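**Student:** after the sequence you'll find the predicted model.
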Amino acid sequence: GAGVSQSPSNKVTEKGKDVELRCDPISGHTALYWYRQRLGQGLEFLIYFQGNSAPDKSGLPSDRFSAERTGESVSTLTIQRTQQEDSAVYLCASSLWAGYTFGSGTRLTVV
Amino acid sequence: AQSVTQLGSHVSVSEGALVLLRCNYSSSVPPYLFWYVQYPNQGLQLLLKYTSAATLVKGINGFEAEFKKSETSFHLTKPSAHMSDAAEYFCAVSGEGGSEKLVFGKGTKLTVNP
């Protein structure tokens, strides 16, 4: 597609439930990133995929967070047993040679 | 590891005044540097980027930034602020170890007063 697509755009979930967030990167972009942006805060790096290399998971805040990417296509970010502090906008980006494109994000609200 | 420091979480200027948003980076290799803007309730938009070509980089909406290796800085400027420039601005760095991993600063919120 023309841009990075994220779904759903909004998600409200009950505390303790699991959620899956999806990111469709730009075709041909070898790198894919997930960031978290809490209300009024900056962008917090979560995880980075580069081609077939092992992902850089150094930003995942706890073992409740995980992400998968199949080849150079779709990625899913899974949050298990959601907590209220997980409420944030989750942004996905993809890149090729330092040309980054961000999706519009998924706004997650944990109630 | 690469990092970015944005000095001043809030900057306030009058309409028509100079805008100066500060960014200092830490990187062991020549970095790629970026400025992004985020308007209220909107996504990130790329303002400009430095990728080791000209040190003075011109971006959209009249913004520009100058890469100064000796000062490890990449400050964002605009000669004359407009009300529509009110937004959050993020500086970011990538490139260490050949990695494309993009690391952001904490952001600077720009307020423009009439």
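**Tutor:** Ah, there it is. Since the model is a prediction, treat every value here as computed from it, not as a measurement.
**Student:** only C-alpha atoms from now on, for both contacts and neighbour counts.
**Tutor:** Fine.
**Student:** quick one: low-confidence ranges for chain B?
**Tutor:** B:96-99 (pLDDT under 70).
**Student:** bridge partners for residue 22, pull those for me.
**Tutor:** As the question left the chain open, I've gone with chain A. A:Ser7, A:Thr76 (DSSP bridges).
**Student:** that's the other chain; I wanted chain B
**Tutor:** Assigned bridge partners for B:Arg22, using DSSP bridges, are B:Leu7.
**Student:** one more: A:Arg69?
**Tutor:** Under the criterion used (DSSP bridges), A:Arg69 bridges to A:Ser75.
**Student:** go ahead and confirm it touches A:Thr76.
**Tutor:** Yes: A:Arg69 lies in contact with A:Thr76 (C-alpha atoms under 8 Å); the separation is 6.6 Å.
**Student:** can you give me the end-to-end distance of stretch B:55-71?
**Tutor:** When the termini of stretch B:55-71 are compared using C-alpha to C-alpha, to the nearest Å, they are 13 Å apart.
**Student:** ok, which residues in chain B are in contact with chain A?
**Tutor:** Applying C-alpha under 8 Å from any C-alpha of the partner chain, we find that chain B lies next to chain A at B:32, B:42-44, B:90, B:94, B:100-101, B:103-107.
**Student:** now these as TSV including distance to A:Ser53, neighbour count and secondary structure?
**Tutor:** Output for the residues of chain B next to chain A, formatted as TSV (distance: C-alpha to C-alpha, whole Å; neighbours: other C-alpha atoms under 10 Å in any protein chain shown; DSSP: H, G, I helix; E, B strand; the rest coil):
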residue	distance to A:Ser53	neighbour count	secondary structure
B:Tyr32	21	19	strand
B:Gln42	32	11	coil
B:Gly43	28	14	coil
B:Leu44	27	20	strand
B:Phe90	28	27	strand
B:Ser94	17	24	strand
B:Glu100	13	25	coil
B:Lys101	13	24	coil
B:Val103	19	21	strand
B:Phe104	22	26	strand
B:Gly105	26	22	coil
B:Lys106	28	21	coil
B:Gly107	30	28	coil
